[in-house]
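Peer 1: sharing a sequence plus its predicted fold:
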Amino acid sequence: MKKRIMAVAIASSMLVIGCMENDPNKRAKIGAGIGAVTGAIIGNNVGGGGGRNRFAGAVIGALAGGAVGHYMDEQARELRRALESELAADYATVERIDMDTIKVSLSSEASFSLDSASLKSTMKPALNRVASVMGRYNKTVVYVIGHTDSSGSDSYNQDLSERRASSVSGYLSGGGVSRNRLYAEGRGESQPRVSNSTHQGRKLNRRVELFINAVVAGNESRASQSPY
């Protein structure tokens, strides 16, 4: 499968110092004896329909040392609050999958009509709340990855998954998340959560995942690596 993602982390000689104002983890950094935030210049390439790609560079603040865990814990808690109704309805999940990463999974059934990449109006308020949280916790890179079940052809499913990922990414961008923090790609039917042999399995496999990766000082390039 063609790779539609490219990220560039500029060497440490290009790093700049960011500021801590309005940082949700400011107290933890002070408590840990970590004063400054290092800037990391990161570029990204977001795949779009017809092979059209966009490359951009941005300065994203990087978290230092012991600040990462608390920063991501607080962000995960806020995301769970933002998606409380969707979590209760099994339309979304929020997981801390490692120290640096949060995964938010959104049901395609709740997000899109059949064979469509246009977001349902009922999902937009939830994405507005997610975008608000991401805006406050902006020392992260966000991968948006679309998945389908195995119904239909490989090429159709690949295209649909890409378009759905782009729709979610574009909506988050419109909600205030910098485009320079957003990556979007589709995985078609290639990475099911469970077997596609049942209706329930196919329903679970139709999803859009948001991988929220902390940008960590000294290891900035990790945040820009595809989670799969």
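Peer 2: Right, received. Where do you want to start?
Peer 1: packing partners of the lengthiest helix in the chain?
Peer 2: Assignment by DSSP state H gives helix 154-174 as the longest helix of the chain. Under the contact criterion of 3 or more CB pairs under 8 Å, 6 or more residues apart in numbering; DSSP states H and E, helix 154-174 touches strand 37-47, helix 108-111, helix 124-136, strand 140-147, strand 182-186, strand 207-214. Any C-beta I mention is one placed from the backbone N, CA and C, and that applies to glycine too.
Peer 1: mind checking which of those is nearest residue 166?
Peer 2: strand 182-186 (5.0 Å; CB to CB).
Peer 1: what strands line up against that closest one, and which way round?
Peer 2: Partner strands for strand 182-186, per DSSP bridges, with pairing direction: strand 140-147 (parallel).
Peer 1: before we move on, back to that, between strand 140-147 and the longest helix of the chain, find me the angle.
Peer 2: Between the axes of helix 154-174 and strand 140-147, defined by axes from the mean of the first three to the mean of the last three CA atoms, to 10 degrees, the angle is 150 degrees.
Peer 1: going forward can the numbers begin at 813, since that is how I track them
Peer 2: New numbering, starting at 813: the last item is helix 966-986.
Peer 1: how far off centre is helix 966-986?
Peer 2: Remark: helix 966-986 is offset 13 Å from the chain centroid, using CA atoms, centre = their mean, to the nearest Å.
Peer 1: and it, what's buried?
Peer 2: For helix 966-986, the neighbour count (16 or more other CB atoms under 10 Å) marks 969-985 as buried.
Peer 1: just so I know, which of the helices and strands packed on helix 966-986 lies nearest residue 896?
Peer 2: Among those, if distance is taken as CB to CB, the winner is helix 936-948, at 9.3 Å.
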